[in-house]
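Visitor: Predicted model and sequence follow; I will ask about them next.
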Amino acid sequence: MRGALPSYLRIAEALTRDIGAGLLRPGDKLPTERALAAQHGVTVTTLRKALAVLTERGLLERRQGSGNYIRPGDCTQGTYALFRLERPEGGGLPTAELISLTRRDKPADLPDLGSDAAQAWNIRRLRSLDHQPVAVEDIWLDGRFDGALTPERVSESLYRSYRERLGLQIARAEDRLSAGALPGWAAARLGLPEGTMMGLAQRRAFDADGRIAEVSTTWFDPARAAYVARIP
């Protein structure tokens, strides 16, 4: 998979999402490091790097001689903070596979992107939770952001790639939920017939100046994933 996160970050993301979903609560004690490492199929050294990330995020208290405990903290610091799909029961490790990346003229029916740039980036991705495909994305990024956005450099964390490769910081996003038919280009990716009614999330993402930087459409299978919005 292009741009796959290192193992320790995948584990840190999984634990961050479980905390955000309420599957791990403040005060809960994690299993031993050896048991957690075995559960995730990594070495204890790799597991400890993941726990260090949680500690930096303020989500974990590591008590010498006692163990690792969940503490109250900001679960939105994770790489996938703006990716709001979770397993129906909560949590789940999100990953992404790039389907296509092109820079081309804006189609006539493309919503306003906040500038008069003639071109835009079009990014299509397959999203998975715990390695099961659950959604497809069709993303348009304003062409005013010009930089080294290549298939090899579009990581699973698209917003991190924006920041690192294009100097774009997504400050906020607005999502509108409805239902829509699965398009033909995405049907085989999810193993569903074209036209299947899906959950539909349409997003407008804004830069630090309040201008629309990106618009996207996500079709998700409600049998495999739920859209979750939490208020701190």
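Guide: Done, it's in. Residues are numbered from 1 along each chain as shown.
Visitor: Strands of this structure, start to end?
Guide: 60-63, 67-70, 85-86, 94-105, 119-129, 132-142, 172-181, 197-206, 212-220, 226-227 (DSSP state E).
Visitor: burial of Arg71, as a residue count?
Guide: Neighbours of Arg71 under the rule other Cβ atoms under 10 Å: 16. From N, CA and C alone the C-beta is placed, and that goes for glycine too.
Visitor: Quick check: chain neighbours aside, which residue is closest to it?
Guide: Distances taken as Cβ to Cβ, 6 or more residues apart in numbering put Glu61 closest to Arg71, at 4.7 Å, once the chain neighbours are dropped.
Visitor: dump the residue contacts of the one you found.
Guide: Listed by Cβ atoms under 8 Å, 6 or more residues apart in numbering, the contact set of Glu61 reads Thr55, Asn68, Tyr69, Ile70, Arg71.
Visitor: Highest neighbour count among the residues you listed?
Guide: In these, the most neighbours by other Cβ under 10 Å go to Asn68, 21 neighbours.
Visitor: mind checking pLDDT for the residue nearest to Arg71?
Guide: On pLDDT, Glu61 comes in at 93.
Visitor: Over to the one 3 residues further on?
Guide: Looking at Gln64, its pLDDT is 87.
Visitor: One more: Ala4?
Guide: pLDDT at Ala4 comes out at 60.
Visitor: just checking, which of the strands of the chain comes out with the lowest mean pLDDT?
Guide: Note on the strands of the chain: strand 85-86 shows the lowest mean pLDDT, a mean of 86.
Visitor: how far does it sit from the chain's center?
Guide: Centre-to-centre, strand 85-86 and its host chain are 9 Å apart (Cα atoms, centre = their mean, to the nearest Å).
Visitor: cool, and stretch 12-27?
Guide: Chain-centre distance of stretch 12-27: 15 Å, with Cα atoms, centre = their mean.
Visitor: How is this protein divided into domains?
Guide: Annotated domains of the chain cover 7-77, 85-227 [automatic domain parsing].
Visitor: what's the burial count for Glu194?
Guide: The local packing of Glu194 (other Cβ under 10 Å) involves 12 other residues.
Visitor: dump the residue contacts of it.
Guide: Ala181, Leu182, Pro183, Gly184, Ala187.
Visitor: Can you tell me, leaving aside adjacent residues, what's nearest to Gly180?
Guide: For Gly180, the closest residue by Cβ to Cβ, 6+ apart turns out to be Leu200, at 3.8 Å.
Visitor: got a list of what the closest residue to Gly22 other than its chain neighbours touches?
Guide: Of all residues not flanking Gly22 in the chain, Gly90 sits nearest, at 6.5 Å (Cβ to Cβ, 6+ apart). Applying Cβ under 8 Å, 6+ apart, we find Gly90 in contact with Asp18, Ala21, Gly22, Leu23, Val228.
Visitor: nearest to Ile139, of the residues you listed?
Guide: Val228 (20.1 Å; Cβ to Cβ).
Visitor: Now do stretch 122-131: everything it contacts.
Guide: Contacts of stretch 122-131 (Cβ under 8 Å, 6+ apart): 83, 85-87, 92-104, 133-141, 154, 158, 185-186, 189-190, 218, 220, 224-225.
Visitor: Mind giving me the ChimeraX select for the residues you listed, buried ones only?
Guide: Per 16 or more other Cβ atoms under 10 Å, the buried members of the contacts of stretch 122-131 correspond to this ChimeraX selection:
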select :83,85,86,87,92,93,94,95,96,97,98,99,101,133,134,135,136,137,138,139,140,141,154,158,186,189,190,218,220,224,225
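Visitor: Just send the contacts of Glu61 back as CSV, with distance to Ala118 too.
Guide: Output for those, formatted as CSV (distance: Cβ to Cβ, whole Å):
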residue, distance to Ala118
Thr55, 47
Asn68, 52
Tyr69, 54
Ile70, 49
Arg71, 50
